[in-house]
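J.: Just need the structure, nothing else, for what follows:
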Amino acid sequence: MRWLKGATEGQILVGGKGAGSEPDQLNEPIGLSFDRYGNLFVVDAYNHRVQ
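T.: Numbers count the residues shown, from 1 in each chain. Now for the predicted structure:
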């Protein structure tokens, strides 16, 4: 989900279409982390990637 400054609604970027292997889907998210700029990273176990 992304919320732009001053927005009244958020925008779904990843995970809004259920589990899967497409670029905008997650399949077994198992961890998350934020960097120093506030960006969120999600560990996607079954797709073997970090988004």
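
J.: and the most centrally placed residue in the chain, what is it in contact with?
T.: For the chain, the residue lying nearest the average C-alpha position, counting by Cα atoms, centre = their mean, turns out to be Val14 (4.5 Å). For Val14, the contacting residues are Asp24, Gln25, Leu26, Val42, Gln51, taking Cβ atoms under 8 Å, 6 or more residues apart in numbering as the criterion. C-beta here means a position set from N, CA and C on the backbone, and glycine is covered the same way.

J.: What's the local residue count around the first one?
T.: One way to gauge burial is a neighbour count; for Asp24, by other Cβ atoms under 10 Å, it gives 12.

J.: Can you tell me how far it is from Gly6?
T.: Between Asp24 and Gly6 the distance is 24 Å, computed by Cβ to Cβ, to the nearest Å.

J.: ok, now the second one?
T.: For Gln25, the distance to Gly6 (Cβ to Cβ) stands at 29 Å.

J.: For those two, work out which one has more neighbours and name it.
T.: Under the neighbour definition other Cβ under 10 Å, Gln25 and Gly6 were set side by side, and Gln25 has more, 16 against 5.
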